[in-house]
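Engineer: below is the sequence, then the predicted model.
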Amino acid sequence: ETLELVLRMQVPDNQIFLDADVLREFRVLDALADAGVATPRPRWIEPDPSVLGHPFFVMERVAGTVPTGAPSIHAAGWLADRTVRERAVAWDSSLRAITAIHAVDWRERVPFLADGVYGTTLDSRLAHATEWYDWARRDRSYAITDAALDYLTSNVPTDPGPPSLLWGDARWGNLMFGTDHEVAAVLDWELASIGPAAIDLGWWLAFDEFTTCAHHIEPLP
């Protein structure tokens, strides 16, 4: 039997994250094996950059389809070509996958994430987001996102909920679906952290709104 594998390498250039760490991602996937979350199974890790030029890890390949992000997944591509019922199955399966992530006992499985740069609270997450935003904009000013960040940091909920395991990048483009339209794998764990579960849900809803309303796509009746 042929074992199909995928190599994920640390790429230091053109990063969109302040602290991308492929070895940390391996630790997350390894800890989530058999935890009730559909993730690729990691096999080997190589921290020595002299082997291939950068640290990397190898995981088993999962068969399935990943919805493309451009153009909008609701306008063209795999999801747009599904029937209403098939879309409903995919949506429901996606939310169940996110719920399964939040249900993981992170203190048992991934306690090391609590010591990460994101902290475990909404305040610490916003502090890191501010640091990342300042790094990304490089002293440039953007009226809309500047105002959005000011609003968020000035209106932090007093009780956002208990800390949970967070996927960190909850969107259609990071899910793989099987022929039954159920989630076959949850991908891209670079931003995994500990914090209020609403962070993942808000991320999911914001991306879905962007791919519909922002593209002038009317919701299904």
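Structural biologist: In hand now; what should we look at?

Engineer: which residues touch the most centrally placed residue in the chain?
Structural biologist: By Cα atoms, centre = their mean, the mean C-alpha position of the chain lies nearest to Asp169, the distance being 2.1 Å. By Cβ atoms under 8 Å, 6 or more residues apart in numbering, the residues touching Asp169 are 188-191, 203. Yep, even glycine has a C-beta here, placed from its N, CA and C like the rest.

Engineer: what about Ala76, distance to Gly64?
Structural biologist: From Ala76 over to Gly64 the distance is 19 Å, taken as Cβ to Cβ, to the nearest Å.

Engineer: those two: which is more packed in?
Structural biologist: Using other Cβ atoms under 10 Å, the more surrounded residue of Ala76 and Gly64 is Gly64, with 16 against 12.

Engineer: that older thread, inside helices: which ones of the contacts of Asp169?
Structural biologist: Judged by DSSP state H, the subset of the contacts of Asp169 located in helices is Trp203.

Engineer: drop anything exposed from the contacts of Asp169.
Structural biologist: 188-191, 203 (16 or more other Cβ atoms under 10 Å).

Engineer: show the pLDDT at the closest residue to Ala35 other than its chain neighbours.
Structural biologist: Distances taken as Cβ to Cβ, 6 or more residues apart in numbering place Val104 nearest to Ala35, at 5.2 Å, with adjacent residues excluded. If you check Val104, the pLDDT there is 97.

Engineer: surely Val104 and Thr39 touch.
Structural biologist: No: Val104 is beyond contact range of Thr39, at 10.6 Å (criterion: Cβ atoms under 8 Å).
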